[in-house]
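**Student:** Sequence isn't available, so here's the structure alone:
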């Protein structure tokens, strides 16, 4: 009996947006999708903002993205 087992790899990314944390997460995922396939899960690790002149200038989302390793 042959048992097929998947291998999942994870990478960490930081997405940015001047609008919101939600957009920062979506931007990171959209950029990852340009070069990765079979994304299975995204974990939001942390949020932070960059400030300029006492105002929020950029929202950032640190994510961990999990995808299946493809066999050749």
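**Tutor:** Right, received. Where do you want to start? Just so it is clear, the model here is predicted, and its values are computed rather than measured.
**Student:** what comes up buried for the strand or helix carrying residue 16?
**Tutor:** If you go by DSSP states H and E, residue 16 is part of strand 8-17. For strand 8-17, the neighbour count (16 or more other CB atoms under 10 Å) marks 13, 15, 17 as buried. All C-beta atoms are positioned from the backbone trio N, CA, C, and that covers glycine.
**Student:** which residues of this structure fall in helices?
**Tutor:** For the chain, helices defined by DSSP state H occupy the ranges 21-33.
**Student:** Can you list the low-confidence ranges for it?
**Tutor:** Applying pLDDT under 70 to the chain flags residues 1-4.
**Student:** make it 80
**Tutor:** Where the chain drops to pLDDT under 80, the residues are 1-5, 71-72.
**Student:** Report the angle between the strand holding residue 16 and helix 21-33.
**Tutor:** Inter-element angle recorded for strand 8-17 and helix 21-33: 130 degrees (by axes from the mean of the first three to the mean of the last three CA atoms, to 10 degrees).
**Student:** Can we start the residue count at 680 from this point?
**Tutor:** New numbering, starting at 680: the last item is strand 687-696.
**Student:** hmm, who's touching strand 687-696?
**Tutor:** 702-708, 710-711, 719, 724, 737-748 (CB atoms under 8 Å, 6 or more residues apart in numbering).
**Student:** how far is that strand from where the chain is centred?
**Tutor:** 3 Å (CA atoms, centre = their mean, to the nearest Å).
**Student:** repeat for stretch 687-697
**Tutor:** 3 Å.
**Student:** cool, stretch 731-745 as well?
**Tutor:** For stretch 731-745, the distance to the chain centre is 13 Å (CA atoms, centre = their mean).
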